[in-house]
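[1] starting from these lines, generate the structure:
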Amino acid sequence: MTTIRNFRKITAVALASALLGGTSYATYEHFGKPDTISNWVNNATPFVRQARLDAGLGAKAGDPAAGDPAAAMIPADFSFASKKATAAVVHIKSTLKPERTVSQTQIPEEFRDLFGGRNPFGQQAPEGKMEKPQATGSGVIINPDGYIVTNNHVIQGAETLEVTLADKHTYKAKVIGSDPNTDIALIKIEAKNLPSLSFGNSENVQVGQWVLAVGNPYNLTSTVTAGIVSAKGRSINILGENAKAPIESFIQTDAAVNPGNSGGALVDLNGNLIGINTAIASQTGSFAGYSFAVPSSIAHKVVEDISKFGSVQRGYLGVGISEVDAAKVKSFDLKVDEGVRVESFADESAAKESGIKIGDVITKIDGHDINSVPQLQEAIAQHKPSDKVSVNVNRDGVEKVINVTLKGISEPSAADRSASAVMEQLGIELKDLTNQQKKEYGIGSGAQVTQINAGKIRQGTDMEEGFVITKIDKTPVASAREAVKILQGKKGGVMIEGLYPGNDETQYFAIGL
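    Sure, this is the predicted structure:
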């Protein structure tokens, strides 16, 4: 019997990036002062160091580290970390923008003038106020001045955000910025002297160590669960739905996490923030054994970039890679059995320009072992363009160390940038119709939607891939290029008209730009 495992993001409402980077966006504002999150974290009170439970095992007699071997069996005390973390974890309630779909029997008021006040579906549109859906999640205060890190999917599509602190005080929050590629967002409330958590170093986290998950599952505020780190560098292919170049290198734990925990804290026994709880492996939507957290090494870089630049500054190695396994060792006669093999290069690849070749096996980045694609993603995701990284490669059995200066995304022309921005905002990709398709569909022109990604079309309509756009605000669409050109000049409400192949009924979708 085959078991299908579903991975779910854990809000209450519901190519592994070969280029190792991607577009991020932010509705942001800068801190407006020299102090950044990093400065505050670096100057924060040093965290409490607890004696390891295994201290003394294997130590020589007389060594200060020596102790009773039985001490390794002493149960860990979670009270210190629990008290510290619960004070800094908040409840987030998102009031979502109403999803208004006009492919059935109604049309929004603001678009009725396009049809002379009539309903194009031949029925009277129902009146009344639409109820706005809500979602809940968690967040972590990382600065006493009210800066909170959470998941992008907790705040995505929100019209308003309400944050409730552990002491029950509530605040309105604003989004400073977000990064769908890592599912991390930064929001802020107007408050001072708040309890907060320091970022720990997730690179030092060990499989088997105790961790606590703190959040608000099922609206049960300030809930703490304990577990161990089950694995590191885990990719579960969940972020691709909302991101073009997802970076997944999750910390996997068996601490119980449920809907509402999204954006909450994963902490070590010193109460340091080592991850942001993001997803669970489940067939039911509830906890079933494993949960996944974005490591602090990634989350810290994202929020620091947002605070300084308004968006994530992500460096690119510019390679297509695959993990080394027994089959590849045999097929390519590789001299190492761990690492990632370079399969291809992007345009203007930083790796290629530095001397890395196709067939090289990358074994280390900046001295850290690389055994999987997620590990390499995590290592590069901590850097910005122009950063230099040391890359160890094995080439035909010879170890080489190559210094690579990472690159950013090449800037497109103003026209291309504008067109790209519009299509990214909508989240769709278009193609021209062939003459044969035009004949089959019974239309003279149009542009077909080939892919629907994260964006306004997915968020606000039920449009499906394959839809053929024939008109935009009554203007005929001759080609994909013309559709983009028309959309570039639009602001506010836009009516998209068209049909599905095999169905002559005209469909309408309303969006806002």
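
[2] only C-alpha atoms from now on, for both contacts and neighbour counts.
    Fine.

[3] where does this structure dip in pLDDT?
    1-75, 97-131, 241-243, 283-286, 288, 409-418 (pLDDT under 70).

[4] ok, now which ones touch the closest residue to residue 371 other than its chain neighbours?
    The spatially closest residue to residue 371, leaving aside those adjacent along the chain, is residue 339, at 4.2 Å (Cα to Cα, 6 or more residues apart in numbering). Contact analysis of residue 339 by Cα atoms under 8 Å, 6 or more residues apart in numbering lists 323, 324, 361, 362, 363, 364, 370, 371, 372.

[5] who touches residue 170 in this structure?
    Taking Cα under 8 Å, 6+ apart as the definition, contacts of residue 170 comprise 162, 163, 164.

[6] for it, give the beta-bridge partners.
    With DSSP bridges applied, residue 170 shows beta-bridge pairing to residue 164.

[7] quick one on the thing from earlier: which ones among the contacts of residue 339 map onto helices?
    Using DSSP state H, no member of those sits in helices.

[8] residue 180: which of those is nearest?
    The nearest member of the contacts of residue 339 to residue 180, counting by Cα to Cα, is residue 372 at 21.9 Å.

[9] returning to what we had before: any idea which of the contacts of residue 339 has the most stuff around it?
    residue 361 (30 neighbours; other Cα atoms under 10 Å).

[10] and the nearest residue to it once chain neighbours are set aside, how far from residue 468?
    Using Cα to Cα, 6+ apart and skipping the chain neighbours, the partner closest in space to residue 361 is residue 341 (4.3 Å). Taking Cα to Cα, to the nearest Å as the measure, residue 341 and residue 468 are separated by 41 Å.

[11] same deal with residue 369?
    According to Cα to Cα, residue 369 and residue 468 sit 48 Å apart.

[12] likewise for residue 443?
    Distance from residue 443 to residue 468, counting by Cα to Cα: 10 Å.

[13] again, but for residue 331
    With distances defined as Cα to Cα, the gap from residue 331 to residue 468 amounts to 44 Å.

[14] same deal with residue 476?
    For residue 476, the distance to residue 468 under the criterion Cα to Cα works out to 12 Å.

[15] please identify which of these two sits among more neighbours.
    Neighbours around residue 476 and residue 468, counted as other Cα under 10 Å, are more numerous at residue 468. The numbers are 27 against 17.

[16] residue 487 is in contact with residue 420, isn't it?
    No. With contact defined as Cα atoms under 8 Å, residue 487 and residue 420 do not form a contacting pair (11.1 Å).

[17] which residues touch the residue most central in space within the chain?
    Relative to the mean C-alpha position of the chain, the nearest C-alpha, by Cα atoms, centre = their mean, is the one of residue 183, at 2.1 Å. Residue 183 makes contact with 151, 152, 153, 239, 278, according to Cα under 8 Å, 6+ apart.

[18] run a quick neighbour tally on the second one.
    Yep, that's residue 152 we're talking about. Look at residue 152: counted by other Cα under 10 Å, it has 23 neighbours.

[19] do the third one as well
    Other residues near residue 153 come to 26 when the count uses other Cα under 10 Å.

[20] surely it is in a strand?
    No. Secondary structure assignment places residue 153 outside any strand; it is helix (DSSP: H, G, I helix; E, B strand; the rest coil).

[21] now it. Nearest residue, chain neighbours left out?
    Leaving out its chain neighbours, residue 153 is closest to residue 183 (Cα to Cα, 6+ apart), at 6.5 Å.

[22] and that neighbour, its phi and psi?
    Geometry field for residue 183 lists phi and psi as phi 60, psi 40, criterion degrees, to the nearest 10.

[23] what about it, distance to residue 355?
    With distances taken as Cα to Cα, residue 183 is found 33 Å from residue 355.

[24] helix, strand or coil: sort out residue 245 for me.
    Using three-state DSSP, the secondary structure recorded for residue 245 is coil.

[25] isn't it right next to residue 179, touching?
    No. In this structure, residue 245 sits apart from residue 179 without contact. The criterion is Cα under 8 Å, and the distance is 10.6 Å.

[26] neighbour count: the two, which is higher?
    Between residue 245 and residue 179, counting by other Cα under 10 Å, residue 179 is the more crowded of the two (26 against 21).

[27] how near is that one to residue 302?
    For residue 179, the distance to residue 302 under the criterion Cα to Cα works out to 7 Å.

[28] shared neighbours of the two, which are they?
    Taking Cα under 8 Å, 6+ apart as the contact criterion, the common neighbours of residue 179 and residue 302 are residue 312.

[29] hmm, residue 356 is touching residue 402, no?
    Yes. At 7.4 Å, residue 356 and residue 402 qualify as touching, with contact defined as Cα under 8 Å.

[30] where do the contact lists of those two overlap?
    Residues touching both residue 356 and residue 402 by Cα under 8 Å, 6+ apart: residue 393.

[31] tell me which of these two has more neighbours.
    Between residue 356 and residue 402, counting by other Cα under 10 Å, residue 356 is the more crowded of the two (25 against 16).

[32] who's in contact with that one?
    Residues in contact with residue 356, defined by Cα under 8 Å, 6+ apart, are 393, 402.

[33] right, and residue 344 touches residue 317 too?
    No. With contacts counted by Cα under 8 Å, residue 344 stays clear of residue 317, the gap being 11.4 Å.

[34] so which of the two has more stuff around it?
    residue 317 (27 against 17).

[35] and the more buried one, how far is that from residue 162?
    Taking Cα to Cα as the measure, residue 317 falls 39 Å from residue 162.

[36] and what of residue 458?
    Applying Cα to Cα, the value for residue 458 to residue 162 is 24 Å.

[37] for the stretch 301-450 of the chain, which segments count as helices?
    Remark: helices of the stretch 301-450 of the chain, listed N- to C-terminal, are 326-332, 350-354, 373-381, 414-426, 435-441; assignment by DSSP state H, counting those that start in this stretch.

[38] residue 86 is nearest to which of those helices?
    Taking Cα to Cα, helix 373-381 is the member of those nearest to residue 86, at 27.5 Å.

[39] what is that closest one packed up against?
    In this structure, helix 373-381 makes packing contacts with strand 223-234, helix 296-309, strand 319-323, judged by 3 or more Cα pairs under 8 Å, 6 or more residues apart in numbering; DSSP states H and E.

[40] show me the contacts for residue 95.
    Under the criterion of Cα under 8 Å, 6+ apart, the contact partners of residue 95 comprise 132, 133, 134, 135, 158, 159, 160, 161.

[41] now do 10 Å
    Contact analysis of residue 95 by Cα atoms under 10 Å, 6 or more residues apart in numbering lists 132, 133, 134, 135, 136, 155, 157, 158, 159, 160, 161, 162.

[42] residues near the second one, how many?
    Here the neighbour count serves as a burial measure; for residue 133 (other Cα under 10 Å) it reads 13.

[43] hang on, it packs against residue 160?
    No. Under the criterion of Cα atoms under 10 Å, residue 133 makes no contact with residue 160, lying 11.2 Å away.

[44] pretty sure residue 349 is touching residue 315, no?
    No. Between residue 349 and residue 315 no contact is recorded; they are 11.2 Å apart, counting by Cα under 10 Å.

[45] so those two - more neighbours on which side?
    The residue with the greater number of neighbours, taking residue 349 and residue 315 and applying other Cα under 10 Å, is residue 315; the counts read 25 against 19.

[46] picking that back up, now for the helices of the stretch 301-450 of the chain, which one comes closest to residue 197?
    The minimum distance between residue 197 and the helices of the stretch 301-450 of the chain falls on helix 373-381, with 22.0 Å, by Cα to Cα.

[47] angle of that closest one against strand 319-323?
    On the basis of axes from the mean of the first three to the mean of the last three Cα atoms, to 10 degrees, helix 373-381 is oriented at 140 degrees to strand 319-323.
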